[in-house]
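Peer 1: heads up, no residue letters with this:
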């Protein structure tokens, strides 16, 4: 699962602690790791290959998204059309 807009990675750690293969990404991170990665903004790209995740969660993030089309297109490549 991917936490889109993971902040400090609290939910990623919680999901991983429950046995999920959990990762997170955000535009600002204190540090990157195997589980937490920065989102590229030029061009806007999530730092994972397409079709990597079965589930994407996001909490209190979309009110901060500047380009919904780009963000949703990265979360679900089918939305790029």
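Peer 2: Nice, thanks for sending it over. Everything quoted here is computed from the prediction, not taken from an experiment.

Peer 1: shaky segments in the protein?
Peer 2: Across the chain, the ranges flagged by pLDDT under 70 are 77-81.

Peer 1: what ranges do the helices span in it?
Peer 2: 10-17, 68-75 (DSSP state H).

Peer 1: possible to save those helices as JSON lines with mean neighbour count?
Peer 2: All C-beta atoms are positioned from the backbone trio N, CA, C, and that covers glycine. Formatted as JSON lines, the helices of the chain follow (neighbours: other CB atoms under 10 Å):
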{"stretch": "helix 10-17", "mean neighbour count": "16"}
{"stretch": "helix 68-75", "mean neighbour count": "16"}
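
Peer 1: Would you map the strands across this structure?
Peer 2: Along the chain, counting by DSSP state E, strands occupy 2-4, 23-26, 36-38, 40-41, 44-45, 56-57.

Peer 1: list the contacts for residue 27?
Peer 2: Applying CB atoms under 8 Å, 6 or more residues apart in numbering, we find residue 27 in contact with 38-39, 41.

Peer 1: Check those residues for burial and list the buried ones.
Peer 2: Among the contacts of residue 27, those classed as buried by neighbour count (16 or more other CB atoms under 10 Å) are residue 39.

Peer 1: Could you export the helices of the chain as JSON lines, including distance to residue 54?
Peer 2: Shown next, in JSON lines, are the helices of the chain (distance: least, CB to CB, whole Å):
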{"stretch": "helix 10-17", "distance to residue 54": "12"}
{"stretch": "helix 68-75", "distance to residue 54": "12"}
